[in-house]
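**Q** I'd like to go over a predicted model; first the sequence, then the structure.
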Amino acid sequence: MNKAVFVSISLSLLSLTMGITILILLYTNNASSENCTPAENNDSYYNNKYKKRHQVFDKTLWNLMPRLSYELTNMTSPAEVVIIKQTGGGQCFSIEVCVGKVRSIQSKSISNGLSDIRYNFLIGGDGNIYVGSGWDVQSDQMPNAIDIAFIGSYSFDVLTDSMIDAAQYLLKVGLRQNKLTEEYILVAHNQTMSTESPGSNVYKEIIKWLHYDGRLTGFNSTISERFRIVSRLQWLAQPPTHEADLLKTPVPLVIIHHTSTESCISLAQCTYQVRQIQQFHMESNQWWDIGYSFLVGGDGAVYEGRGWKYEGAHTFGYNYKSIGVAFVGTFNSEKPPKNQIAAFKKLVGKGVELGYLEKDYKILGARQLYGTESPGTALQKEIETWPHWANQS
């Protein structure tokens, strides 16, 4: 069999498989609609002003590619933030076309280094909901968040009534199933990072929704307003090989480092960096655990290292009387972004509030205490402008 014939047969089989899959999807969802109990059919949602049903396509119905072996970050509590996004590309108005787009988005996500499709849920122009990573996996933007993406580009595309209604229904389901907190906030994608998503036409719509929080505006202010500490459990830390000594709190010093790695700007990137740092500290340095008390990511989140209570392994001779905080990245020529600095300041404020830091604590750069470039020239100059910085060496 020559190569051209083989390719032709392969493409034909792929098209046939796709067609069969769509027929199964249609049959399965129609059957499930007919077999709903009266209570399900009379849900108040189905009596809304649009009088339309929205089919929910579970990932098992459209999935094309296996998830990569490394784990995603699972939710440990109901989500506090819903991020509304657009996928980019064109809209879709039929199950067949929407399934094709969802599969394409999954393929692109994996080729970009993610373990699976990047969105928790997607909503098509057909008014149906396509389950991505679902309710139980954190958005890669920030902890305790999920994202909902409208398929299309909404700087010029327009949402249909059915799409709007599907999104609002999905949010009601999240509340009813305790997947969202009662006081969750809803934000546009461009409030969490520099992007055009979700597009002006989506933005005009969501600002009218009940849980929308318009106070969180701008890339730098959004994450800093939503201070988060990502626990060891959430970033999948290895257990320490030994238990460290307890600190005698409150401690008088906060010592700042940089990690001398690449920076990170999303939950997925920062989680990966923190895991790599722990692995280096434990396997190359033969330490019991990650050396820092906390790490601050460029996503504006704080990552728990040894925490407030245990002695770190970051600054020889000072570990017993200090908290060591590392900024993820290398800051020799440029200082960290505003959201990263804001997260650090909130962290030390929390330390004072909880009684782990003295009220008149002092901040030092690691280079003031031993022969190192850390925390980098630019970051060192920055901390020297802060009220708690101490001019000692």
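**A** Here it is on my side, so go on.
**Q** Break down the chain into its helices, ranges please.
**A** 3-34, 38-41, 59-62, 95-111, 161-176, 200-206, 219-225, 267-279, 338-354, 377-383 (DSSP state H).
**Q** Pick out the shakiest of those helices, pLDDT-wise.
**A** Looking at those, the lowest mean pLDDT belongs to helix 38-41 (a mean of 33).
**Q** Quick check: the gap between the residue lying closest to residue 136 once chain neighbours are set aside and residue 257.
**A** Nearest non-adjacent residue to residue 136, counting by Cβ to Cβ, 6 or more residues apart in numbering: residue 75, 5.3 Å away. In short, each C-beta sits where N, CA and C put it, glycine included. Distance, residue 75 to residue 257, by Cβ to Cβ, to the nearest Å: 30 Å.
**Q** who has more neighbours, the two?
**A** residue 257 (23 against 20; other Cβ atoms under 10 Å).
**Q** just checking, the more buried one touches residue 326?
**A** Yes - with contact defined as Cβ atoms under 8 Å, residue 257 counts as touching residue 326 (4.3 Å).
**Q** which neighbours do these two share?
**A** Listed contacts common to residue 257 and residue 326 are 292, 314, 375; contacts here mean Cβ atoms under 8 Å, 6 or more residues apart in numbering.
**Q** if I pick the second one, what's in contact with it?
**A** What that stands for is residue 314. Here residue 314 is in contact with 255, 257, 291, 292, 293, 322, 324, 326, 366 (Cβ under 8 Å, 6+ apart).
**Q** before we move on, what about the last one?
**A** With contacts defined as Cβ under 8 Å, 6+ apart, residue 375 is in contact with 256, 257, 258, 326, 327, 331, 365, 366, 367, 383.
**Q** need the contact list for the residue nearest to residue 77 when sequence neighbours are not counted.
**A** Leaving out its chain neighbours, the residue that sits closest to residue 77 by Cβ to Cβ, 6+ apart is residue 144, at 6.7 Å. By Cβ under 8 Å, 6+ apart, the contact list for residue 144 reads 75, 77, 79, 80, 81, 138, 228.
**Q** could these go into a markdown table alongside distance to residue 285 and pLDDT?
**A** A markdown table is the format used below for these (distance: Cβ to Cβ, whole Å; pLDDT from 0 to 100):
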| residue | distance to residue 285 | pLDDT |
| --- | --- | --- |
| 75 | 32 | 79 |
| 77 | 33 | 83 |
| 79 | 36 | 91 |
| 80 | 36 | 89 |
| 81 | 36 | 90 |
| 138 | 29 | 84 |
| 228 | 28 | 76 |
